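S.K.: Here is a sequence together with a model predicted from it:
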Amino acid sequence: MRFVRVPRPPITRVHRRLAYLLALGVCLAGCATKPPASDPDAVADYEQTNDPLEPTNRVFYAVNNGLDTVILRPLALGYRYVVPEPVRNGVHNMLSNIGTPVQLANDMMEGKPRRAGDTVMRFIINTTVGVVGFFDVATKWGYPNHDADFGMTLASWGVPEGPFLFLPVLGPSDPRDAVGFGVDIALDPFTWVGNPRDGTLKAINWARFGLNAVDTRERVEDSLQQIKKTALDPYATFRSLYRQHRHSQIEQLRNDNRATVPDWFAQPTNQPAK
Amino acid sequence: MNVDDTGAQNSMILRRHFLTLAAATALVPFARGAWAQSTDKASAFIKVTGDRLVGVVNGPGSASAKRAQMTQILNDAVDVDGIAKFCLGRFWRTASSAQQEAYVKLFHEVLVTNITTKLGDYKGVSFIMGRARVDGENDVVSTTVNRPNNPPTAVDWIVADVSASPKIIDVVAEGTSLRLTQRQDYASYLMHNNNNVDALISAMKNQVAQSG
């Protein structure tokens, strides 16, 4: 029998390096000191902020900021300069369409049949009428996009978010979302298809990863610049924004309890008795 | 007390509950009517304010003229003093009245400066009115803001005191509250500067001076 190597996602090696970096950072920077119990307001603030690794996190914030300034931001600005907005939107739609399997898996694990249905309809409509996902026709036809990732799935299962983390390269996170990020890669069929020695496939996977990063960065450019310009403590501002945004996504997920019976189907509970 | 007594008591309690419930249910339509009115008012208020803002952003005029117009709109439609107080959090109580006064005055300037310095980026902005709902004592009006080069953003406007003199007390963009974010920014800054409100005040002065 021929020995077959288990295919691995293209970012595994990066991940291992990140783990080393993370461990190093924790050793170097240590933990935030908790304020004394005699100052209950300060303690309340400390607990609400929930950032015991703040010194370490700030180191990685500075590292990421540096990486962003020299690599990602120039790429994003170049992308914005060269590619006109409608094309960029099309590329974004295509990337989002390729993410359908992960989104659908999470919709189902979250126990949200209507969201899963939206995802399937979006994929069918956008892949065909929307020309391989370039145009988002589905939104106009009543199937708007929604967020779904394994971090949100864990939240819907009642897993707490844990302390704030600022991860190298990946940015603001928490243990729950960091696990979610890894699981989403594992959930992605494109991580596993084909022969791992196939150079073309590897190149396509990396291209997708890179394009995703540049696309995401380009879309937040204006907001990011604005925050850096106006915040007194940008790190604290990003921490706050990240948490609030995640909480709101999870809140929307929890509140999305649309009935599974479609509107056009005779709904017994709404029919007046004769 | 025998079993029958308890049963009678239970049924009495049940009846009382039922009456309360019936009364409450009877009130619901009225309450709904009042809510609908209040949210209509809030929506109209946001529509007018939004149109004014978009008018300034997309309209002609020099930077200083636009700044004056923007200040006017903020003073008319936004509870800047209340937001300023909220953003200082627990430090508001410990600040001296002179510090409070200086801080609120600067907060007005920082807000106007932050908005006016990025007006150019917002050129071509438009918004679509969404639904309005009541949330506690306030009304929440949802809108979608579209600006060139940026994905559409869901923006909720929190309006207080709708019946008398409506004022915007918070803006929530994609689930992130502007005033809460500002409060945590200030809290962190103060924490790293010995909880000294004067340090915050001088940092704010710096901000205004740099952008102005």
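M.R.: Right, received. Where do you want to start?
S.K.: what ranges do the strands span in chain B?
M.R.: B:126-135, B:138-146, B:153-160, B:167-173, B:176-177 (DSSP state E).
S.K.: Apologies, that question was intended for chain A.
M.R.: Per DSSP E, chain A carries strands over the ranges A:165-167, A:171-173.
S.K.: for these, which one sits closest to chain B?
M.R.: Closest to chain B of the strands of chain A, according to Cβ to the nearest Cβ: strand A:171-173, at 12.4 Å. For glycine as for every other residue, the C-beta is placed from the backbone atoms N, C-alpha and C.
S.K.: buried residues in that closest one?
M.R.: Within strand A:171-173, the residues scored as buried using 16 or more other Cβ atoms under 10 Å in any protein chain shown are A:172-173.
S.K.: And the spatially most central residue of chain B, how far from A:Gln244?
M.R.: Nearest to the mean C-alpha position of chain B, by Cα atoms, centre = their mean, lies B:Asp170 at 1.7 Å. Going from B:Asp170 to A:Gln244 by Cβ to Cβ, to the nearest Å gives 12 Å.
S.K.: Name the residues contacting each of those two.
M.R.: B:177, B:180 (Cβ atoms under 8 Å, 6 or more residues apart in numbering or on different chains).
S.K.: Next, count neighbours for the spatially closest residue to A:Ser240 that is not a sequence neighbour.
M.R.: Computed as Cβ to Cβ, 6 or more residues apart in numbering or on different chains, the closest residue to A:Ser240 that is not its neighbour in sequence is B:Gln184, at 4.0 Å. B:Gln184 has 25 neighbours, counted by other Cβ atoms under 10 Å in any protein chain shown.
S.K.: ok, B:Gln184 - contacts?
M.R.: Contacts of B:Gln184 by Cβ under 8 Å, 6+ apart are A:49, A:236-237, A:239-240.
S.K.: Repeat that for B:Leu53.
M.R.: Taking Cβ under 8 Å, 6+ apart, one finds B:70, B:73 in contact with B:Leu53.
S.K.: so what's it scoring on pLDDT?
M.R.: B:Leu53 is assigned a pLDDT of 92 by the prediction.
S.K.: ditto for A:Leu170
M.R.: 89.
S.K.: And for the one 10 residues further on?
M.R.: Per-residue confidence at A:Gly180 stands at 97 (pLDDT).
S.K.: What separation do you get for the residue lying closest to it once chain neighbours are set aside and B:Ser142?
M.R.: Of all residues not flanking A:Gly180 in the chain, A:Gly151 sits nearest, at 3.0 Å (Cβ to Cβ, 6+ apart). Look at A:Gly151 and B:Ser142: by Cβ to Cβ, they are 25 Å apart.
S.K.: Settle it for me: which of the two has more neighbours?
M.R.: Higher neighbour count among A:Gly151 and B:Ser142: A:Gly151, with 26 against 17, using other Cβ under 10 Å.
S.K.: quick one: contacts for residue 144?
M.R.: I went with chain A, as the question did not name one. A:118, A:138.
S.K.: other chain: chain B
M.R.: B:127-128, B:130, B:152-155 are the contacts of B:Thr144 under Cβ under 8 Å, 6+ apart.
S.K.: The same query, at a cut-off of 10 Å, please.
M.R.: Taking Cβ atoms under 10 Å, 6 or more residues apart in numbering or on different chains as the criterion, B:Thr144 is in contact with B:126-130, B:152-155.
S.K.: Report the entries of the residues you listed that also contact chain A.
M.R.: Among the contacts of B:Thr144, the ones lying near chain A by Cβ under 10 Å from any Cβ of the partner chain are B:153-154.
S.K.: of all the contacts of B:Thr144, which comes closest to A:Gly117?
M.R.: B:Ala154 (22.0 Å; Cβ to Cβ).
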